[in-house]
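Peer 1: take this sequence and fold it.
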Amino acid sequence: VGLDVRAARVEQGAPGTTSVWVDPLVRGQASQGFGTEIQVDRAGVVSGSGWLGAPVPGRRYPVISAREALRQLESMPMPMLACAQSEPATTAMPLCGGVREVTGATLGRTLQWDNDRPVLVPSWFFSAPGTSVPVAVVAIDPAYLAAPHSQVDPGSSGSGSSEPGAPGTGKPGVPQPTGVPPAQPNSRFDSVAPTSGGTALTVGFTGGVESCYHYRVVAKESSDRVALVLVEDRSTGVCDDMAQIYRRTVLLDHPLGARQVVDGGTGQVLYPVPAVR
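Peer 2: Here you go, the predicted structure:
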């Protein structure tokens, strides 16, 4: 698919498979979340997901310094629920709290979402001993970033939120569209959209860090619906207890048509999104 594999990461995937990850350079800078994963076994390619094509430059925004981004990182919550602590704990890579050493910062780009539009956002990548995946902090000046907006009552005259710092506009304070209501809270899937004329689905969900977790989305089709099942494989070893947003493309055996897409685990309707009353 035209990707430079010299910097690829090769990891053990599901039993009997190997995962190859490539995070491409974007205008000479490292990226995160914009990569491609190919799973292979002895017979060949098992599955693949990722992004094709070159990104288009957008508006320019002022960025904060690495020192300011590090201050933001220090103030961020660090969930450590049920974290296993080894004995003795290492100072370079504490497993449950404590001081974590940062050895460098590089400006790159992370994949974020502006409503339903993917955008590559300038971000500082902080490297630390004991991990191959840097911790990323968005580098855009906070004055240009809006908080997640709430849905507007369809009966009201408002067309969106006017949180300061509307993303994608280049100026703070520009009203934003309300967007599509998210999937139900008890579903791990947060977005579903048909692509390729309804022969595929682009699915978004939240999971663990890609250095430890590997995901496949399986579509179980019937005459009136498509049920999505998230298959999670966890590698052995110590993992950062952080959440990460994923996007996967799921091919369908038959065009979606008028069928509903549901969460196979909870039964929640994911597409079309139920109307907000």
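
Peer 1: run through the protein and note the low-pLDDT ranges.
Peer 2: In the predicted model, the chain carries pLDDT under 70 at residues 13-14, 76-100, 116, 130-131, 147-186, 236-238, 240-241, 274-277.

Peer 1: which stretches of it form helices?
Peer 2: All helices of the chain, identified by DSSP state H, fall at 66-75.

Peer 1: from the centroid of it, which residue is nearest?
Peer 2: Centroid-nearest residue in the chain, with C-alpha atoms, centre = their mean: Ile245, separated by 2.3 Å.

Peer 1: and the gap between the residue nearest to that one when sequence neighbours are not counted and Pro194?
Peer 2: Leaving out its chain neighbours, the residue that sits closest to Ile245 by C-beta to C-beta, 6 or more residues apart in numbering is Thr206, at 5.8 Å. C-betas here are computed from N, CA, C, even on glycine. Using C-beta to C-beta, to the nearest Å, Thr206 is found at 21 Å from Pro194.

Peer 1: comparing those two, which residue is more hemmed in?
Peer 2: Ranked by neighbour count (other C-beta atoms under 10 Å), Thr206 and Pro194 place Pro194 first, with 18 against 12.

Peer 1: quick one: the more buried one and Val203 touch, right?
Peer 2: No: when contacts are counted by C-beta atoms under 8 Å, Pro194 is not listed as touching Val203 (10.6 Å).

Peer 1: picking up where we left off before, where's the residue nearest to Ile245 relative to Ala243, distance?
Peer 2: 5 Å.

Peer 1: repeat for Pro129
Peer 2: Between Pro129 and Ala243 the distance is 23 Å, computed by C-beta to C-beta.

Peer 1: the more surrounded of these two?
Peer 2: Pro129 (12 against 9).

Peer 1: is it true that that one touches Val102?
Peer 2: No: with contact defined as C-beta under 8 Å, Pro129 does not reach Val102; the gap is 9.3 Å.

Peer 1: roughly how far does Pro134 sit from Ser49?
Peer 2: Pro134 is 21 Å from Ser49, where distance means C-beta to C-beta.

Peer 1: Pro62 too?
Peer 2: 33 Å.

Peer 1: between those two, which has more neighbouring residues?
Peer 2: Using other C-beta under 10 Å as the criterion, Pro62 and Ser49 rank with Ser49 on top: 18 against 10.

Peer 1: so what's that one bridging to?
Peer 2: Beta-bridge pairing for Ser49 (DSSP bridges): Glu37.
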